[in-house]
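**Q** Give me the fold of what follows.
(2 chains)
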Amino acid sequence: MWPPKKGNHSGLPLPLRPHMQKQITQQNLNILLDSLIKEGIRVVAPHMNGGTPLYEPLTCSADMNTGQLPRRSAKEAFFPVCEDIMTYEKEGQKVTVTDIDPVRFPETVLVGVRPCDAAAIPVLDAVFSWDYKDEFFLERRRKTTIIGLACTTADDACFCTAVGLSPAETKGSDLFLTPLVGGGYVCETYSDKGEQLITNHKELFSDTGGAKTLPLAQPETGKIDLKKVKAWLDEHFEDPLWDGIATRCVGCGACAFVCPACHCFDIVDEGTEKAGTRRKNWDACGFWKFTHHASGHNPRDGQPKRYRNRIMHKFKYYDDKFGQTLCSGCGRCVRVCPVGIDIKAIIDTILNSEC
Amino acid sequence: MTQPIDTSIYAAITEAIQAEAHRILAEGEVTAIVGYAAARRKGSAQPIIITDAADSVKLIFTPACVNNLAVYLTKAKKDIPKNGKIGIVVKGCDLKALSGLMGESQLKREELYLIGVPCAGVLASTVCPDQELTGDSIAPKCTECDAHLPTGCDFVPAETLVTPELERKYAVEIARLEALTPAERWVYWKEQFAKCIKCYACRQVCPFCFCEQCLCDRNKPQMVDTTPRPAGNTAWHIVRAMHLAGRCAGCAECERVCPMDIPLNLLNRKMAKELKELYNHEAGFEVLDKGPLNMFTEKDDQSFIK
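**A** All right, here's what the predicted structure looks like:
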């Protein structure tokens, strides 16, 4: 229904405040993950794939590597790069269409999730559950327990603090780990799911003994006034600023694809006349083809107009629709942009513009 | 191999670029200049287009000036003003792309004002832009550079380069791959292509990907599967490599920008090696009307016809 109601309408439980605080050693965390894997639960964690850090299913806890922010965000645990949504077969005049049943999705524990990634997941709940309930996303959400991990390092592309989050942000996490001096973690629960996980493996956890936590990262950026950014965007759909910042944009999808909050997708049929698969795969508003009409007309006929949509969607449209900001300050787009477009610098430019 | 690379002349180059940019804009010799400017993060740089002489102080040259700015002069970039003569800051590798574009009738020499940069090398990646240029952090293409000093430009700062001998990173890797069996090599490339997420950053930064509608963006018929799966990924990367054979001069922008770390320039360098062996052709050194794959001569090797 339009307009959608703001707030939580995904049917997923809202995170609660911590009601359990425990401690776990690194060794016991590994035992926990290995026993989950053994139980047949899909354990997804940061992992080095060649030289590239990615969130991927583990076969063994030792493969977890939380040293670097994964190149792509954790959204793909719910919204994969590409997934089948149905298959078809044609024999003579008979066409058989088979849906993919989301019930088959495995129980998952997503562990070592950075606060910027975890915080973006409940933001995505809003869009995947307002007019159409996207069961591919929502069923994975129901079946996944998220174990967040506080950040002890940050670089100058990180700006979670600018969008109101922090290296200790627990939003989106069912269970949250903060590293301790000398190894191990403080472990806080933020939902029934998180509590259940501890209860099921309580022998691996101990009461907190007052051990000191490691100093957390301190991104250099101060909090920005998101209301002021939105107020400017409300009035400046047409503005010379867009040409100034985005003429350099080359129109790839790198920023959107590494983003924890971008969620546009395309649906295509691939196969032959006889048999094939309908697939859902990531799309990006930076692409020329994204708004290209069948008539040949393209309402976003230049790159600055496409880039404007990226900023508008993150800081205005999503706020208009759902009362939330579609950016968690992970800095990935800043790091991967081929031409050095820096979303934080753009927000600063907007805040500093006079009118 | 953490040998430091001397980039001390880059400050003087920056000053010379600024002065020349100011002069040509103020005197009306060009209408716009495509160059590099500092960005927010420490040590970072980004492409900039200036049209006012007063903005020439924004232009810089540092090891983070990685982009091949030639892409902004192609017809793929319709947003750049192309009325009048345009100035462009070019490294030797970027200049090779411009030569190719002139040969393909995409640009005219007389419409450009080339500000050449004596270049000892740039960074392989600008994920962390604030780092020293060393034998480790340098772009692999720079270890094999044969154009540190661009030739045939309108202006080149008179600075003397020191360019140490470095291990040729692509040559080493290509030799390793050539020593594999075809089956082993296929395993390697299958793994690499599997990483592709079809963001098309490689295509969008390539000066030679100026097709107004890429084959991969057509859907009547759908020549290449659009989803990031093995069939479409492999088709895309093979199409890309073949379409660039004999044209790519090795700016390696495709490889630098790949967010999934696919070593794309290896394909381009291997193609270049084949072209050198078969036709004694090297892209980018002169403006040619037709590359070797665009023409037939009776002397061409025809032994493949059986």
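
**Q** Now do the same contact list for residue B:26.
**A** residue B:53 (Cβ atoms under 8 Å, 6 or more residues apart in numbering or on different chains). C-beta here means a position set from N, CA and C on the backbone, and glycine is covered the same way.

**Q** and it, what are its phi and psi?
**A** Here is the backbone geometry of residue B:26 (degrees, to the nearest 10): phi -60, psi -40.

**Q** do residue B:87 as well
**A** Dihedral angles of residue B:87 (phi, psi; degrees, to the nearest 10) stand at phi -90, psi 150.

**Q** Which strands or helices does the helix or strand hosting residue A:85 pack on?
**A** Applying DSSP states H and E as the criterion places residue A:85 in strand A:82-91. When contacts are defined as 3 or more Cβ pairs under 8 Å, 6 or more residues apart in numbering or on different chains; DSSP states H and E, strand A:82-91 packs onto strand A:94-99, strand A:265-271, strand A:275-282.

**Q** Which among the ones you listed is found nearest to chain B?
**A** With Cβ to the nearest Cβ, the closest approach to chain B among the helices and strands packed on strand A:82-91 belongs to strand A:275-282: 4.5 Å.

**Q** And the residue of chain A that's closest to chain B?
**A** Closest point on chain A to chain B, by Cβ to the nearest Cβ, is residue A:340, at 3.1 Å.

**Q** and that residue, how many neighbours?
**A** Residue A:340 is flanked by 26 other residues according to other Cβ atoms under 10 Å in any protein chain shown.

**Q** partners of the closest residue to it other than its chain neighbours in the sheet?
**A** Spatially, and ignoring its direct neighbours in sequence, residue A:340 is nearest to residue B:46 (3.1 Å; Cβ to Cβ, 6 or more residues apart in numbering or on different chains). Beta-bridge partners of residue B:46, counted by DSSP bridges, are residue B:37.

**Q** Pull the contacting residues for residue B:46.
**A** Contacts for residue B:46 (Cβ under 8 Å, 6+ apart) come out as A:248, A:339-342, B:36-37, B:39, B:67.

**Q** now the chain, which segments are flagged as low pLDDT?
**A** With no chain named, the answer covers chain A. Residues of chain A that meet the criterion pLDDT under 70 lie in A:1-17, A:354-355.

**Q** actually chain B
**A** Residues of chain B that meet the criterion pLDDT under 70 lie in B:1.

**Q** residue nearest the centroid of chain A?
**A** Geometric centre of chain A, nearest residue: residue A:260, 3.0 Å, by Cα atoms, centre = their mean.

**Q** Would you mind confirming that that residue makes contact with residue A:330?
**A** Yes: at 5.7 Å, residue A:260 and residue A:330 qualify as touching, with contact defined as Cβ atoms under 8 Å.

**Q** Now for these two: what residues contact both?
**A** Taking Cβ under 8 Å, 6+ apart as the contact rule, residue A:260 and residue A:330 both touch A:73, A:116-117, A:120.

**Q** Work out for me the element the residue nearest to the centre of chain A sits within.
**A** Counting by DSSP H and E, residue A:260 is part of no helix or strand.

**Q** Same question for stretch B:236-245: list its buried residues.
**A** By neighbour count on 16 or more other Cβ atoms under 10 Å in any protein chain shown, the buried set for stretch B:236-245 is B:236-237, B:240-241, B:243-245.

**Q** And the residue of the stretch 51-200 of chain B found nearest chain A, how far from residue B:107?
**A** In the stretch 51-200 of chain B, the residue found nearest to chain A is residue B:199; the distance is 4.1 Å by Cβ to the nearest Cβ. With distances taken as Cβ to Cβ, to the nearest Å, residue B:199 is found 27 Å from residue B:107.

**Q** thinking again about what came up before, just put the shared contacts of residue A:260 and residue A:330 in a markdown table and tack on secondary structure.
**A** Shown next, in a markdown table, are those (DSSP: H, G, I helix; E, B strand; the rest coil):
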| residue | secondary structure |
| --- | --- |
| A:73 | coil |
| A:116 | helix |
| A:117 | helix |
| A:120 | helix |
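
**Q** any idea which of those has the most stuff around it?
**A** residue A:116 (31 neighbours).

**Q** if I look at it, how far off is residue B:125?
**A** Computed with Cβ to Cβ, the distance linking residue A:116 and residue B:125 is 21 Å.

**Q** Residues of the stretch 51-200 of chain B that sit close to chain A?
**A** Listed as neighbours of chain A in the stretch 51-200 of chain B under the rule Cβ under 8 Å from any Cβ of the partner chain: B:67, B:71-72, B:77-80, B:126-128, B:130, B:191, B:195, B:197-200.

**Q** name the element residue B:113 belongs to?
**A** Taking DSSP H and E as the definition, one finds residue B:113 inside strand B:112-116.

**Q** Which positions in the stretch 251-355 of chain A make contact with chain B?
**A** For the stretch 251-355 of chain A, the residues in contact with chain B (Cβ under 8 Å from any Cβ) are A:251-254, A:256-258, A:266, A:268, A:270, A:279, A:281-282, A:284, A:287-289, A:302-304, A:334-336, A:338-342, A:344-345, A:348.
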